[in-house]
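>>> build the 3D model from these lines:
(2 chains)
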Amino acid sequence: MSLETINLAGLDLTQEARRQVEICNACRYCEGFCSVFPAIAEKRMFADGDITQLASLCHNCQGCYHACQYTAPHEFNLNLPAILAEVRHDSWDRFAWPRAFAGAFQRSGVAIGLALVAGFALLFAALVALRPESGEGFYAFLAHTAMVAIFAPAFLGPLAVIAIGLRRYWVEVGGAPIRLSHLRAAFASAATMRNLGGGQGQGCNFENGNRFSNKRRMAHQMVMYGFLLCFAATSSGTLMHYLLGMEAPYGLFSLPKLLGVPGGVLLTLGAVWLVSLKMRSEKALGAASAWGGEMAFVILLGLTGFTGLALYAATGTALVGPLLAVHLGAVLAFFLTTPYSKMVHGFYRLAALIRDAQTKG
Amino acid sequence: MTKGKTDEHLARLAIRTSETCLPWMEKQGVRFQPSLSGTLSLSRTNAFFLGGGKALVNAYYNRVEDLGVTVVYEAQVQHVDIEDGTFRGVDCAIAGAPARVNGRAVVLASGGFQADLDWLARAWGPAARNFLIRGTPYNRGVVLKDMLDQGAESVGDPTQCHAVAIDGRAPKFDGGIVTRLDCVPFSVVVNRDSQRFYNEGEDVWPKRYAIWGRLVAAQPDQVAYSIIDSQSINAFMPSVFPPVVADTIEKLGEKLGLSGTALKETIDTFNAACRPGTFHGNELDGLATEGLEPPKTNWARPITKPPFYGYALRPGVTFTYLGLKVDDTARVTGTNGLMTNVWAAGEIMAGSILGQGYLAGFGMTIGTVFGRIAGKEAAKHVA
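Sure thing, here's the model as predicted:
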């Protein structure tokens, strides 16, 4: 199957999405696939904010595209997954702060690569410049205080920037005060990636034409849970350090390692799987302009997991120094690009799910 | 429903067997979903495919691929070669190049002829050129005609097609489901001359949906206009194209290409005939006009609250009734009785059961029931 990419040059994305959504609302046969179509059916008119919300809610399962009788060569030329993806990516650009960075890493794999190289360089330089007198494990190469000095701002800064974007999103989609029930619904949906389930658990269309499979859903959850485990590992280490006075290195049966090792394995394997699935997917059913940036993002995520595992495996060898620089460089590149890379999809998607739960009352 | 134009034995067979179709379809990978929001109160009668008809066909094609069946695309059958009631092969064009495929049995499932506008115009009259065709432009009845020319026995009224009133701005072909308009019962419908011509509130919409194609087809230029006001704009499923809007009836008339004053007069007359009462959109509410001809016997609310909305309506052809006569094994009848190895399924034989009228979903039912029968019988024949 080969598809014409919609020519989006000079096209008002929101207006084009509105045109397509209005056709969908007169059909409604896709209602059972995901949350987007029931949300469409609740309205007759679609304000710009409504289109942003629908675009953010769409998980790109592509079920509607393959079921649609109005795709090209039909004159209605529907490709809802693609136009919603374009609107979604465009909205991340609009919400990004500062605007100058908007889209910098989202759409460019090269930019992510350069960020990664810069991260490596910075960490190698730091290792040389800040080499401590003494220390255990990787603290022998970079002192805890130096790590905190680099990573606390590199972590908290991007989070603050994302908060600005989320606030803008919430205003645009007309979000209401959030209740616990909204959060429960949204997190339950994200935890199971329900919207990649095809409505009946058959999964989505991605790597194998119009056949359904849960591979993409599972690969995504491996990456997501792997990432969360790694994050929990780092958090637990931080708490142990500050609250309990227990400093790294930690043994295999410590909380950071019990969380981090499986987390790193899941993250690495999940990323490899996602990349291989994405290679087999149809580019024209997503945001074609962001393909490179998305791919590089998944690779970067996988790399943080893999280099973390490698660093642990190299314990006690001469490789700890260079591997520490490589791992921390990857982590740094990941953190700093977060507000402007595909990583923001997680934040906006969760916000969209919360908003969707609100509209369902 | 068909006013007697049916083979009762086959109709009973279709209805009886339809029950076993659902689990069989699910086994082939077809998925169903609850009835769609806002559909014409079909929740108790109809099963909906998740994703619609193309998703259904996708599931079948995937199944067929898994079974190792060869599918050839861009292939058109031009002639079915039958000697003394026995099928030999088909002459076809594959990607434009002539080809011949021989076989020991054949199942014909090539639809009706509604996309051949010349044929439609010959059958119905020149007005048929103004009809919109709801489905594929490839449904040209080539195989049906070829079979009839070779003496296959026909069923169904050769002059008739099933048409519903759809959005007049729909594409000529393949506008499909989204071009439906469910506004008629809440509206006043006028023709090109701004005159009413039928009781818009005769019955609940699913029952009446089908007759409006014929009604509009009988009007000058085969066009009509459904006029509503802001009270009713949200009472039916959204239309694929936005309605024409105006602040006054005169302006709406002009925007629709009608005489504004004539439309105003018709609406005023209608409004004056409306009586007080309670409107219930989902049931026959008996809210009827008085002293109006033709009357509107339900949902007759005066059209008074601007903005006013209008939709052009045109007949949208869904299917044709002419088909091949089959027996209860779906085998086609020729000049000398049943043909040896020719079966038929779907629209090409549906006239055996649906000689007239329509029941929502019954085309799919006939296709599935007789498709399965024809497939089994053909397979048995070559085994």
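>>> in stretch B:242-261, what's buried?
Along stretch B:242-261, these residues count as buried under the neighbour rule (16 or more other CB atoms under 10 Å in any protein chain shown): B:243-244, B:246, B:249-253, B:256, B:258-260. To be clear about C-beta, it is placed using only N, CA and C from the backbone, and glycine gets the same treatment.
>>> give me the contacts around that stretch.
A:22, B:190, B:192-194, B:225, B:227-228, B:233, B:262-264, B:267, B:303, B:306-312 (CB atoms under 8 Å, 6 or more residues apart in numbering or on different chains).
>>> now the buried residues of stretch B:242-261 as TSV including distance to residue A:173?
Converted to TSV, the buried residues of stretch B:242-261 look like this (distance: CB to CB, whole Å):
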residue	distance to residue A:173
B:243	27
B:244	31
B:246	32
B:249	38
B:250	40
B:251	35
B:252	34
B:253	39
B:256	36
B:258	41
B:259	45
B:260	41
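>>> of these, which is the nearest to chain A?
If you rank the buried residues of stretch B:242-261 by distance to chain A using CB to the nearest CB, residue B:243 comes first, at 10.8 Å.
>>> any idea how far residue B:54 is from that closest one?
Per CB to CB, to the nearest Å, residue B:243 is found 28 Å from residue B:54.
>>> need the three-state assignment for the residue of the stretch 151-300 of chain A found nearest chain B.
Minimum separation of the stretch 151-300 of chain A from chain B (CB to the nearest CB) falls at residue A:210, amounting to 4.5 Å. Put simply, residue A:210 is coil when judged by DSSP: H, G, I helix; E, B strand; the rest coil.
>>> what's near enough to touch it?
So residue A:210 contacts A:66, B:58, B:62 (CB under 8 Å, 6+ apart).
>>> one more pass at 6 Å, please.
A:66, B:58 (CB atoms under 6 Å, 6 or more residues apart in numbering or on different chains).
>>> tell me the confidence at it?
On pLDDT, residue A:210 comes in at 96.
>>> circling back to that earlier point, got a quick ChimeraX command for the buried subset of the contacts of stretch B:242-261?
Buried members of these, defined by 16+ other CB under 10 Å, are picked up in ChimeraX with:
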select /A:22 /B:190,192,194,225,227,228,233,263,264,267,303,308,309,310,311,312
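>>> quick check: which element contains the most centrally placed residue in chain B?
With distances taken as CA atoms, centre = their mean, the residue of chain B nearest its centroid is residue B:318 (2.7 Å). Using DSSP states H and E, residue B:318 sits within strand B:308-320.
>>> that strand: partners in the sheet, and parallel or antiparallel?
strand B:132-133 (parallel), strand B:161-167 (antiparallel), strand B:224-229 (antiparallel), strand B:244-246 (antiparallel) (DSSP bridges).
>>> of all those strands, which one is nearest residue B:370?
Nearest to residue B:370 among the strands paired with strand B:308-320 is strand B:161-167; the distance by CB to CB comes to 17.9 Å.
>>> how far off centre is the helix or strand that residue A:167 is a member of?
For residue A:167, the element it lies in under DSSP H and E is helix A:144-172. Relative to the chain's own centre, helix A:144-172 is displaced by 15 Å; criterion: CA atoms, centre = their mean, to the nearest Å.
>>> over to stretch B:246-256?
Centroid separation between stretch B:246-256 and its chain, computed with CA atoms, centre = their mean, is 31 Å.
>>> let me see the mean pLDDT of that stretch.
98.
>>> and if you look at stretch A:285-292?
92.
>>> now the end-to-end length of that stretch.
Start-to-end span of stretch A:285-292 (CA to CA, to the nearest Å) is 14 Å.
>>> ok, for the residue nearest to the centre of chain B, nearest residue in space, not its chain neighbours?
Nearest non-adjacent residue to residue B:318, counting by CB to CB, 6 or more residues apart in numbering or on different chains: residue B:162, 4.8 Å away.
>>> list the contacts of that neighbour.
Listed by CB under 6 Å, 6+ apart, the contact partners of residue B:162 are B:318-319, B:358.
>>> quick one: low-confidence parts of chain A?
Applying pLDDT under 70 to chain A flags the ranges A:1-11, A:361.
>>> residues of it that sit close to chain B?
A:23, A:25-32, A:41, A:44, A:67, A:69, A:75, A:200, A:210-211 (CB under 6 Å from any CB of the partner chain).
>>> can you tell me which of those are buried?
Buried, going by 16+ other CB under 10 Å: A:23, A:25-32, A:41, A:67, A:69, A:210-211, out of the residues of chain A next to chain B.
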